[in-house]
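Enquirer: Just a sequence and a predicted model for now, questions to come.
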Amino acid sequence: MEDLIPVINKLQDVFSAIGQQSLDLPQIVVVGSQSSGKSSVLESLVGRDFLPRGSGVVTRRPLVLQLYCTKNGTEDVEQTEEEEWGEFLHLPSKRFYDFSEIREEIQRETERTTGRNKGISNQTINLKIYSPFVLNLTVVDLPGVTRVPSGDQPEDIEEQIRNMCLDFISNPNAVILAVSAANQDISNSDGLQLALTADPEGLRTIGVVTKVDIMDQGTDAIDILSNRVHPLKRGYVAVVNRSQKDIQDNMTVRDGLAKENAYFRSHPKYRSYLSKCGATTLTAKLNQILMHHIRECLPGIKSKISIMLTEVQSNLDSLGESGDDLTVAKQGEKLLKVLSNFATSLNDFVDGKGSDVGVEMEELCGGARIMYLFNEVFARRLMAVNPFDTLRDQDIQTAMANSNGVRHPLFIPESSFDLLVKKQISRLDQPGLQCVDLVYDEMIRMCLQVDATELNRFPVLRDRVFEAVHQLLRECVKPTQQMIVNLVKVELAHINTSHPDFIGGKRAILAQQQQQQQQQMQQQVHKPQAVGSDGTTMPSSAESSAESKATGTVSPPPITSQQGAPSTAASNRSTASMSGTGSQASSQDQGTVAGVGGFFNLFKAGPSASSSQAAQAQSPMQRNRPDASQMGNTGMNENLIRLKQIPDKVKSVERPSGIERVEVNVIKTLIASYFDIVKKTFTDMVPKVIMHFLVNNFRESLQNELISRLYRESLFGDLLKETDDVEAKRMACKEMRDLLMSAMEIVNEVRDYNAFDK
């Protein structure tokens, strides 16, 4: 079992060479206050005086002390001092037989990192001591806790030291050696407080009580050694260090150990607790505790080393071999592999099959972003487009009037519907082309995000690959955009009014009639009605006017309606017969008025109307048409009615009649119905076009395009040239792999952990 501690010491050297403590190794960590006697305890374990001494904080860097017993199984008291030496990890080829030189080297190495300003550093100093008088141990000496900074120490020196101590003792595999002075209240011990902070239950803490020989008379440390005060699982050990006078008198450590042994044996109380007193007892106890602790931790250490070795080997494999060391054939094979892996990774990224994509839960990535673009951006925005955003009722009315020409239509003109709906359909090409641009950006984004660790090793190859990717995508965008434009042109080429989802003219008119009836019923319910002299309800004049506007008809005057005039023609004949002896000109004028139509006769005043009123009832063309009497009498020109000139730009009236409003509403219903059909078709076809012409075409052509552009023997050297940091990473990974393999070999030296149970 003694071989376990050297195994851990070798592992400690391996990980110190790595430059970082990547593994929590079993070790004994010494903590305590500045004046608790930590250094003297460590020197007692070694049996030699080798640590720096002085005022203030002397230990300013962690000292990893590895003790190796050089005795070959037999007691040999004739060992000479030349068989004791020390070695520093930073000076591997040099042995220090003079322990005073070890002290000086510790001071020089400390000042090399921390300077002379009493500052501290967490970089360790590794010291190995070989001696036949020691037991195999690994002990870490930390700076003593101080509360008041002295000299040029920083103001937060206490916090820095505490944090350093906690970093070491927080290692779950560390055994804590808490040093406390017996001449002070142990409840105020800094070492014990730090230990209980990292180990609240005291399972891996050993208490060391120093200066028991200078306690006040009548007091002792029996209660502490009996584990009745702040009990610890591993208990307490009392020691007596050399006094300052002994050090000044050059008393050796071994002489001090003999004096300590005599003190405990002669003390009336401590001689009954010899198993818990003395540095020799402490050394043996630490040795046993550390060996058993190592045995418990070694399987976990081996597992962690194996995991670390696997990770390092994976990183080394990803870096691959240097391109300069490959032959031309191997370079070509390497180039094909890199290009093929990139194309495959990109296809997997689009399909959501990449290893990294499967665990992504924070945001959408890869092909999922394209699907989000189709469904949530393009489709949702397109279906929200209002067909009348840029189409006013007055524009519709003007288009209908232009389609009618000089005729008054009996039905809604179909040409105006075609014109208006085509204008709205032509608006769809822009969102379709924008969707193509957005998918193009997503493809570029995926090319940058795809796992291309191997490609990133070669900056020239990476730039050429991305250049080829951009060019291929641009080539795929052109037919995609043309197909989107053709989709709109196809819809504009033929307006299919026979589509099963199209509402049609009959249903549109029926819907408008039903809507008008509902509006009239609502008006009759909410508006008051007048009561006649016979008690019957009569519609008000305002209501009659609203009804006439809604239906597009002009109600005749009330008198004419009450008299029950049979027809417009009969009224005209009655008017002509009642004129009697009127002049021939008057009768001609009246006949002209009668020939205009019944619409104007609805507003005629009757037989007593003057000729001026009859003239006002004439149409504008008739009033301005010159007759014989007017052309013969030039003096009458001052009384002619002249019309205004027609403006260059004329639109329909702003206040259309009721029938015109009905026509506008019907054609709006037709436009909305057909435009909705086109939107659904366009929403379905655009993603299909983009996937076929852009995404799938790009994916299918990528690998062949990269090979045709880049696979040239003359380019192998330039394309496979690595960056400087890649070579440095490869060397670091190789060094790490070799060290971890050495660590695994060291651990494998221990074949059976149960063999050490004895």
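Expert: Noted; the coordinates are in hand.

Enquirer: May I ask you to confirm that residue 138 belongs to a strand?
Expert: Yes: the assignment for residue 138 by DSSP: H, G, I helix; E, B strand; the rest coil puts it in a strand.

Enquirer: Could you list everything the spatially closest residue to it that is not a sequence neighbour pairs with in the sheet?
Expert: Of all residues not flanking residue 138 in the chain, residue 27 sits nearest, at 4.7 Å (C-beta to C-beta, 6 or more residues apart in numbering). For glycine as for every other residue, the C-beta is placed from the backbone atoms N, C-alpha and C. Beta-bridge pairing of residue 27 under DSSP bridges involves residue 174.

Enquirer: shouldn't residue 27 be in contact with residue 142?
Expert: No: taking C-beta atoms under 8 Å as the definition, residue 27 is not a contact partner of residue 142, at 11.5 Å.

Enquirer: that older thread, name all residues that make contact with the residue nearest to residue 138.
Expert: Applying C-beta atoms under 8 Å, 6 or more residues apart in numbering to residue 27 gives the contacts 8, 12, 64, 138, 139, 140, 171, 173, 174, 175, 290.

Enquirer: report the longest helix in the protein, please.
Expert: Using DSSP state H, we find that the single longest helix of the chain is helix 279-319.

Enquirer: from the middle of its chain, how far away would it be?
Expert: 38 Å (C-alpha atoms, centre = their mean, to the nearest Å).

Enquirer: Please apply the same query to stretch 123-138.
Expert: 50 Å.

Enquirer: List every C-alpha atom in it, with coordinates, as PDB.
Expert: This file holds the C-alpha atoms of stretch 123-138, laid out as PDB (Å, rounded to 0.1, in the frame of the first residue of the first chain):
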ATOM      1  CA  GLN A 123       1.200  29.100  -8.800                       C
ATOM      2  CA  THR A 124       2.600  26.100  -7.000                       C
ATOM      3  CA  ILE A 125       6.300  25.300  -6.200                       C
ATOM      4  CA  ASN A 126       6.800  21.500  -6.500                       C
ATOM      5  CA  LEU A 127       9.500  20.100  -4.200                       C
ATOM      6  CA  LYS A 128      10.500  16.500  -3.800                       C
ATOM      7  CA  ILE A 129      12.500  15.300  -0.800                       C
ATOM      8  CA  TYR A 130      14.100  11.900  -0.700                       C
ATOM      9  CA  SER A 131      15.100  10.600   2.700                       C
ATOM     10  CA  PRO A 132      15.100   7.400   4.600                       C
ATOM     11  CA  PHE A 133      13.700   9.200   7.600                       C
ATOM     12  CA  VAL A 134      10.300  10.100   6.100                       C
ATOM     13  CA  LEU A 135       7.200   8.400   5.200                       C
ATOM     14  CA  ASN A 136       5.600   8.700   1.800                       C
ATOM     15  CA  LEU A 137       3.400  11.800   1.900                       C
ATOM     16  CA  THR A 138       2.100  14.600  -0.300                       C
END
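
Enquirer: Please work out which residues outside stretch 435-455 touch it.
Expert: 318, 320, 338, 341-342, 345-346, 349-350, 354-356, 365-366, 369-370, 373-374, 377-378, 461-462, 465-466, 469-470, 473, 477, 480-481, 484, 686-687, 690, 694-695, 698.

Enquirer: Please apply the same query to stretch 723-731.
Expert: 315, 316, 319, 322, 457, 459.

Enquirer: OK, contacts around the last one?
Expert: Just to be clear, that refers to residue 459. Residue 459 neighbours (C-beta under 8 Å, 6+ apart): 721, 723.

Enquirer: With the second one instead?
Expert: Contact analysis of residue 316 by C-beta under 8 Å, 6+ apart lists 730, 733, 734, 737.

Enquirer: Filter the contacts of stretch 435-455 down to just the buried residues.
Expert: 320, 338, 341-342, 345-346, 349-350, 354, 365-366, 369-370, 373-374, 378, 461-462, 465, 469, 473, 477, 480-481, 484, 686-687, 690, 694-695, 698 (16 or more other C-beta atoms under 10 Å).

Enquirer: How about the contacts made by residue 748?
Expert: residue 302.

Enquirer: and the gap between it and residue 742?
Expert: In this view, residue 748 and residue 742 are 11 Å apart by C-beta to C-beta, to the nearest Å.

Enquirer: One more: residue 47?
Expert: Counting by C-beta to C-beta - residue 47 and residue 742 are separated by 31 Å.

Enquirer: quick one, which of the two is more surrounded?
Expert: Comparing residue 47 with residue 742 by other C-beta atoms under 10 Å, the one with more neighbours is residue 47, at 22 against 16.

Enquirer: just the strands in this protein please.
Expert: Counting by DSSP state E, the chain has strands at residues 27-32, 63-69, 85-88, 91-96, 125-131, 137-141, 174-181, 205-210, 236-238, 530-531, 537-538.

Enquirer: Can you pull out the low-pLDDT segments for the stretch 51-200 of the chain?
Expert: 54-57, 72-82, 117-118, 150-152 (pLDDT under 70).

Enquirer: what residue ranges in the stretch 651-758 of the chain are flagged as low confidence?
Expert: Residues of the stretch 651-758 of the chain that meet the cut-off, pLDDT under 70, sit at 652-659, 750-758.

Enquirer: now with 90?
Expert: 651-675, 708-758 (pLDDT under 90).

Enquirer: Check the stretch 351-500 of the chain too.
Expert: Ranges of the stretch 351-500 of the chain meeting pLDDT under 90: 351-368, 382-424, 427, 429, 446-463, 495-500.

Enquirer: thought residue 46 was touching residue 130?
Expert: No: counting by C-beta under 8 Å, residue 130 is not a contact partner of residue 46; they are 10.7 Å apart.

Enquirer: Looking at those two, which has the bigger crowd around it?
Expert: Set residue 46 next to residue 130 and count neighbours by other C-beta under 10 Å: residue 46 wins out with 23 against 16.

Enquirer: wait, what's in contact with the more buried one?
Expert: 65, 67, 129, 131, 134, 253.

Enquirer: any idea what sits nearest the fifth one, other than its immediate chain neighbours?
Expert: Spelled out, it's residue 134. residue 67 (4.3 Å).

Enquirer: List the beta-bridge partners for that neighbour.
Expert: Assigned bridge partners for residue 67, using DSSP bridges, are residue 129, residue 137.

Enquirer: Residue 127 is in contact with that one, correct?
Expert: No: the criterion here is C-beta under 8 Å, and residue 67 misses it with residue 127 at 9.7 Å.

Enquirer: quick one on the thing from earlier: which one of the contacts of residue 27 is nearest residue 31?
Expert: Lowest distance from residue 31 to the contacts of residue 27 (C-beta to C-beta) belongs to residue 140, with 9.4 Å.

Enquirer: which residues touch the closest residue to the closest one other than its chain neighbours?
Expert: Leaving out its chain neighbours, the residue that sits closest to residue 140 by C-beta to C-beta, 6+ apart is residue 29, at 4.7 Å. Residue 29 makes contacts with 139, 140, 142, 165, 168, 169, 171, 174, 175, 176, 177, as judged by C-beta under 8 Å, 6+ apart.

Enquirer: top of these by neighbour count?
Expert: residue 177 (29 neighbours).

Enquirer: what's the closest non-adjacent residue to that residue?
Expert: Among residues not flanking residue 177 along the chain, residue 30 sits closest, at 4.6 Å (C-beta to C-beta, 6+ apart).

Enquirer: Next one: the one you found relative to residue 162, how far apart?
Expert: 15 Å.

Enquirer: Looking only at neighbour counts, state which of these two leads.
Expert: Between residue 30 and residue 162, counted using other C-beta under 10 Å, the more crowded position is residue 30 (29 against 18).
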